[in-house]
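>>> can you look at this prediction? I've put the sequence above it.
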Amino acid sequence: MSRKKTIKQSSTQKEYSFFQDVFDVVLQIPKGRATSYGAIAKYLGTKMSARMVGWAMNASHTSSLKIPAQRVVNRNGILTGKFHFATPTLMEELLVKDGLTIKNDTIVDFKNVFWDPVIELDL
DNA sequence: CAGCTGACTTTTC
DNA sequence: CGAAAAGCCAGCT
């Protein structure tokens, strides 16, 4: 279903940011899976760039919602944003708890656990 | 309104 | 393998 537009808040919530879309997608990432910034960007639209997704994650800690940002890595499966967590090792710890294997700041067999919103949601 | 910035990606050397 | 540059675009100052 096209839940892209389901994000639309009530009239009261006039402040609508594209961050909401990113958060919504990230929150739907199943446990034990991970996706890339580019995949989310592609799902949200061609006008979206990977940097916007990463930037949205930067704002995730400001959001009241709990965003599993550890499940979002770059296209190589490298934990590029780990330094933005409370501790540089927190991101890896969270992914390990999800059942993933992290080796040298990189998700082992990333392509196997890759979760593409375009395929899992839109399709 | 204009310039900066950024948790990315791809190409090139 | 690594460093550098260019493209990308919305939000912030």
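Sure, I can see it. Since the structure is predicted, the reported quantities are computational estimates derived from the model, not experimental observations.

>>> and the pLDDT at the residue of chain A found nearest DNA strand B?
Proximity to DNA strand B, evaluated over chain A using CB to the nearest atom of the strand, is greatest for A:Gly81 at 2.1 Å. To be clear about C-beta, it is placed using only N, CA and C from the backbone, and glycine gets the same treatment. Model confidence at A:Gly81, given as pLDDT, is 92.

>>> could you find the closest non-adjacent residue to A:Ile78?
A:Thr106 (5.0 Å; CB to CB, 6 or more residues apart in numbering).

>>> please name the bridge partners of that neighbour.
Here A:Thr106 sits in beta bridges with A:Ile78, A:Lys103, going by DSSP bridges.

>>> residue contacts, it?
The contact partners of A:Thr106, by CB atoms under 8 Å, 6 or more residues apart in numbering, come to A:76-79.

>>> so what's the residue of chain A closest to DNA strand B up against?
Residues near A:Gly81 by CB under 8 Å, 6+ apart: A:54, A:57, A:69, A:72-73, A:91.

>>> mind redoing it with 10 Å?
Contacts for A:Gly81 (CB atoms under 10 Å, 6 or more residues apart in numbering) come out as A:37, A:54, A:57-58, A:69-70, A:72-74, A:91.

>>> which residues of chain A fall in strands?
With DSSP state E as the definition, chain A shows strands at residue ranges A:35-36, A:72-73, A:102-103, A:106-107.
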